[in-house]
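Engineer: just to be clear, the model below is a prediction. Sequence and coordinates:
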Amino acid sequence: MYDFLMLSADSPHPHSHTLAPTPTHPGLYPNAARIVLPQSVYMKMAHGAVPLPTQARRMKFFLQRGGRVFLHPASLLFDQTKLDNCVAIFKEKVSTSKVFIRDITVVHGFALLLFGGNLTVDHSAGTIAVDRYFRFQAQPRIAVLASELRKGLDTLLLRKIEDGRRDIGGSPLVHAMVTLLCGEGEVWISVCVC
C-alpha cells in the first residue's frame, strides 16, 4: 500500500511514518475482528469508585464470517488491559481447543472506513457502517464526508493503478487520509456500536 502513496522526503505529510503500524492494505480487511470490551467493573474506595483494569480474557473478538474467536495466549496483546479502538487486524487464525487469532494489531476505525468493505450511512441512527458489520457513531455530516473521502480515494487509487508513474502523494485526498490515520481524526468518530 505504501508504494501506492510514494511519499517523498519533501512530502507535505512530515509525520507519515506514523502510518507504519496501521495496516491499511485493503487485502487485510478479511482479517478484521470486532472487539467487544466488557462493561467496566468498579471498586469502592474512600474517595469514590475506581474502575478496575479489564482482563484480557474478558474481551471478546468477533469475525464478520466465523463468529466469536479468542485471542491466542501467546499474542503480545493478550495481557493488555486497555485497547483504544474496537477493531483489530490479525495475521493468523488457528484452531485448537478453540478458534484463536494471533499476531493482532489494533487499528483506528478510519482504516476500515477508508480501506474496508462497502460503506452505509444511517443518518437517523448517527452511524456509519462497513459492510453493515463494523458500525461507528458519527454525526451525519461526518459520516457523509468519510463516505465521500472513500469514494475519492477509490478513484485516485484506480488512476494510480492505470498509470503507475502518476504521483498521488501530494493529493489533498491523500493528505486527508494521512491526517485521519495518524489519529487526528479520532474525535470525529467514536467507538463501535455493537
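Structural biologist: Looks like it arrived, so ask away.
Engineer: please count neighbours and contacts with C-alpha atoms only from this point.
Structural biologist: Noted.
Engineer: low-confidence ranges in the chain?
Structural biologist: 1-28, 54-57, 81-85, 183-194 (pLDDT under 70).
Engineer: where do the helices sit along it?
Structural biologist: Shown for the chain, the helices assigned by DSSP state H span residues 2-5, 109-115, 140-162, 172-179.
Engineer: A33 contacts V87, correct?
Structural biologist: Yes - judged on CA atoms under 8 Å, A33 makes contact with V87 at a distance of 5.7 Å.
Engineer: what about A32, distance to A46?
Structural biologist: Distance from A32 to A46, counting by CA to CA, to the nearest Å: 42 Å.
Engineer: tell me which of the two has more neighbours.
Structural biologist: Per other CA atoms under 10 Å, whichever of A32 and A46 has more neighbours is A32, with 23 against 6.
Engineer: so what sits opposite the nearest residue to the more buried one once chain neighbours are set aside in the bridge?
Structural biologist: Excluding its sequence neighbours, the residue lying closest to A32 (CA to CA, 6 or more residues apart in numbering) is I89, at 4.5 Å. Taking DSSP bridges, one obtains A32, T105 as the residues bridged to I89.
Engineer: I89: how many residues sit nearby?
Structural biologist: Counted with other CA under 10 Å, I89 comes out at 23.
Engineer: on that earlier part again, could you dump the helices of the chain to CSV with distance to A74 and mean neighbour count?
Structural biologist: Compiled in CSV, the helices of the chain are given as follows (distance: least, CA to CA, whole Å; neighbours: other CA atoms under 10 Å):
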stretch, distance to A74, mean neighbour count
helix 2-5, 29, 12
helix 109-115, 25, 23
helix 140-162, 35, 16
helix 172-179, 32, 17
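Engineer: of all the ones you listed, which one is nearest V41?
Structural biologist: For these, the distance to V41 is smallest for helix 109-115, at 25.3 Å, taking CA to CA.
Engineer: which other helices and strands does that closest one contact?
Structural biologist: strand 127-130, helix 140-162 (3 or more CA pairs under 8 Å, 6 or more residues apart in numbering; DSSP states H and E).
Engineer: just checking, L149 touches H175?
Structural biologist: No - the pair L149 / H175 is not scored as a contact, 11.0 Å apart, by CA under 8 Å.
Engineer: of the helices and strands packed on helix 109-115, which is nearest Q39?
Structural biologist: strand 127-130 (21.4 Å).
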